[in-house]
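Peer 1: Next come a sequence and a model predicted from it.
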Amino acid sequence: MKRMEMNVNMFDVFKSIKAQLDSSNIYYDTKSYRDDAFSFLVHVPGEYWEIDVREDGSVDVEIFRSEGMIDNPLAAIEQLVEDHKA
């Protein structure tokens, strides 16, 4: 996880990132699932980004990249379910 320290107002950072995403027509959702941050969940082809703007103005970014299409999708789904059964 990469962190960018900014030491500025959380809301200003959030608005700045939102404006950049909006001006680029990049699809995202906003969420609040942490007590100390608001998040952008960004979806672009082959990637999923979690951008967390923390209350101190710092930003955490996690990027998840696709490995592309797989040869046996049904077997992969079965493995997914097996690996994550409760």
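Peer 2: Now that the structure is in, tell me what you want to look at.
Peer 1: what ranges of this structure fall below the confidence cut-off?
Peer 2: Low-confidence segments of the chain (pLDDT under 70): 1-7.
Peer 1: what residue is smack in the middle of it?
Peer 2: Centroid check for the chain by CA atoms, centre = their mean gives residue 50 as the closest residue, at 1.5 Å.
Peer 1: Just list the residues touching it, thanks.
Peer 2: Applying CB atoms under 8 Å, 6 or more residues apart in numbering to residue 50 gives the contacts 39, 40, 41, 42, 60, 61, 62, 64. The C-beta positions use only the backbone N, C-alpha and C, and glycine is treated the same way.
Peer 1: Now intersect those with the strands, please.
Peer 2: Within the contacts of residue 50, residues falling in strands by DSSP state E are 39, 40, 41, 42, 60, 61, 62, 64.
Peer 1: The first one reaches residue 32, doesn't it?
Peer 2: The one in question is residue 39. Yes - contact criterion CB atoms under 8 Å: residue 39 and residue 32 qualify, at 6.9 Å.
Peer 1: Strands along the protein, start to end?
Peer 2: 2-4, 27-34, 37-44, 47-54, 59-65.
Peer 1: now these in CSV, with distance to residue 86?
Peer 2: Formatted as CSV, the strands of the chain follow (distance: least, CB to CB, whole Å):
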stretch, distance to residue 86
strand 2-4, 32
strand 27-34, 20
strand 37-44, 24
strand 47-54, 23
strand 59-65, 23
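Peer 1: So for residue 14, which of the ones you listed sits nearest?
Peer 2: Between residue 14 and the strands of the chain, the shortest gap by CB to CB is with strand 47-54, which sits at 4.7 Å.
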